[in-house]
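In: what follows is a protein structure lacking sequence information:
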């Protein structure tokens, strides 16, 4: 998942090569580092509605799946989550037999922010089948399940897990995984893991602490963590082009947490 996910990219390339004629095998899943447009303005607090009606481009029936995904990512990063979903849906529909569906993790995130939690759960469940070692896919699915149940207690039924004996290759994600699955890690553990590591891990610890507190109904702490993630050295510097950095900014805007 995200720009760290080599497995997903390779799998998608193989999929495209098997589905498309040779003249179109240049179709690639766009890198999250290629989608960022101008930095958003922070001088106002957009509402959920206003963020969903500011699309900068229209859906072209002749666009390739790669272009549609890229446009969807751009729309999301500009705060237009509703339009991003339209692009992702169109990309999915343009590839026969739903063979693109398990690779559209971006669509799952859009579902979450549009409060389509059942659809988000279904998307991430498919994602994990082709990318079983990605903690973030599992965590977002747990978030969708928790919001579906409208409960601060994380669901055990239907909760996915990593294959036995396996773990995400990113060190910080072991703690994220344990926290969301209630396997022993605490909020304090994740804070410390991010604090004692590099700026990327610091951002991801803050981001997932924000998401964790949100789905537990702890709004004040969720706001604190997500704003810290948005303003972190990684999100404002080297990681500005990371799709999850954009996700932190969109999250804060949608919740009205913009200063």
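Out: Received it, and whenever you're ready, just let me know what you need. Values in this document were obtained by computation on a predicted structure and should not be read as measured data. Numbers count the residues shown, from 1 in each chain.
In: which residue ranges form the helices in the stretch 151-259 of the chain?
Out: Ranges of helices within the stretch 151-259 of the chain are 171-180, 187-195, 199-215, 219-230, 233-236, 243-254, based on DSSP state H, counting those that start in this stretch.
In: which strands and helices lie in contact with the last one?
Out: Read that as helix 243-254. helix 48-51, helix 65-77, helix 105-113, helix 199-215, helix 219-230, helix 233-236 (3 or more CB pairs under 8 Å, 6 or more residues apart in numbering; DSSP states H and E). C-beta coordinates here come from the backbone N, C-alpha and C atoms, glycine included.
In: residues of the fifth one that come out buried?
Out: So the one you mean is helix 219-230. Across helix 219-230, burial judged by 16 or more other CB atoms under 10 Å covers 221, 222, 223, 224, 225, 226, 227, 228, 229, 230.
In: check the offset of it from the chain's centre.
Out: 17 Å (CA atoms, centre = their mean, to the nearest Å).
In: per-residue pLDDT, residue 28?
Out: Among the per-residue scores, residue 28 holds a pLDDT of 38.
In: could you do the one 3 residues further on as well?
Out: Model confidence at residue 31, expressed as pLDDT, equals 36.
In: for the stretch 51-200 of the chain, which spans come out with low pLDDT?
Out: Residue ranges of the stretch 51-200 of the chain with pLDDT under 70: 51-58, 151-157.
In: switch the cut-off to 50
Out: Counting by pLDDT under 50, the ranges of the stretch 51-200 of the chain that qualify are 51-56.
In: got the buried residues for stretch 229-243?
Out: By neighbour count with 16+ other CB under 10 Å, stretch 229-243 contains the buried residues 229, 230, 232, 234, 235, 239, 242, 243.
In: tell me which two of the residues you listed sit farthest apart.
Out: The most widely separated members of these are 232 and 243, with 15.3 Å between them, by CB to CB.
In: export the helices and strands packed on helix 243-254 to CSV and tack on distance to residue 125?
Out: Formatted as CSV, these follow (distance: least, CB to CB, whole Å):
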stretch, distance to residue 125
helix 48-51, 26
helix 65-77, 20
helix 105-113, 9
helix 199-215, 17
helix 219-230, 24
helix 233-236, 28
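In: any idea which of the ones you listed gets closest to residue 135?
Out: helix 199-215 (9.3 Å).
In: so which of the helices of the stretch 151-259 of the chain is nearest residue 145?
Out: Taking the helices of the stretch 151-259 of the chain one by one with CB to CB, helix 199-215 is closest: 9.1 Å.
In: give me the angle between the closest one and helix 171-180.
Out: Per axes from the mean of the first three to the mean of the last three CA atoms, to 10 degrees, the angle that helix 199-215 makes with helix 171-180 is 10 degrees.
In: residue 212 touches residue 185, doesn't it?
Out: No. Counting by CB atoms under 8 Å, residue 212 does not reach residue 185; the two are 10.3 Å apart.
In: rewinding a little: most tightly surrounded among the helices and strands packed on helix 243-254?
Out: helix 105-113 (a mean of 26; mean count of other CB atoms under 10 Å).
In: summarise which helices and strands it is packed against.
Out: helix 65-77, helix 81-93, helix 117-130, helix 135-149, helix 243-254.
In: so what touches that helix?
Out: For helix 105-113, the surrounding residues in contact (CB atoms under 8 Å, 6 or more residues apart in numbering) are 1, 8, 69, 72-73, 76, 81, 84-85, 88-89, 92, 117, 119-120, 123-124, 127, 137, 140-141, 143-144, 147, 243, 247, 250-251, 254.
In: go again using 6 Å as the cut-off
Out: Outside of helix 105-113, the residues within contact range by CB atoms under 6 Å, 6 or more residues apart in numbering are 1, 73, 81, 84, 85, 88, 119, 120, 123, 124, 127, 140.
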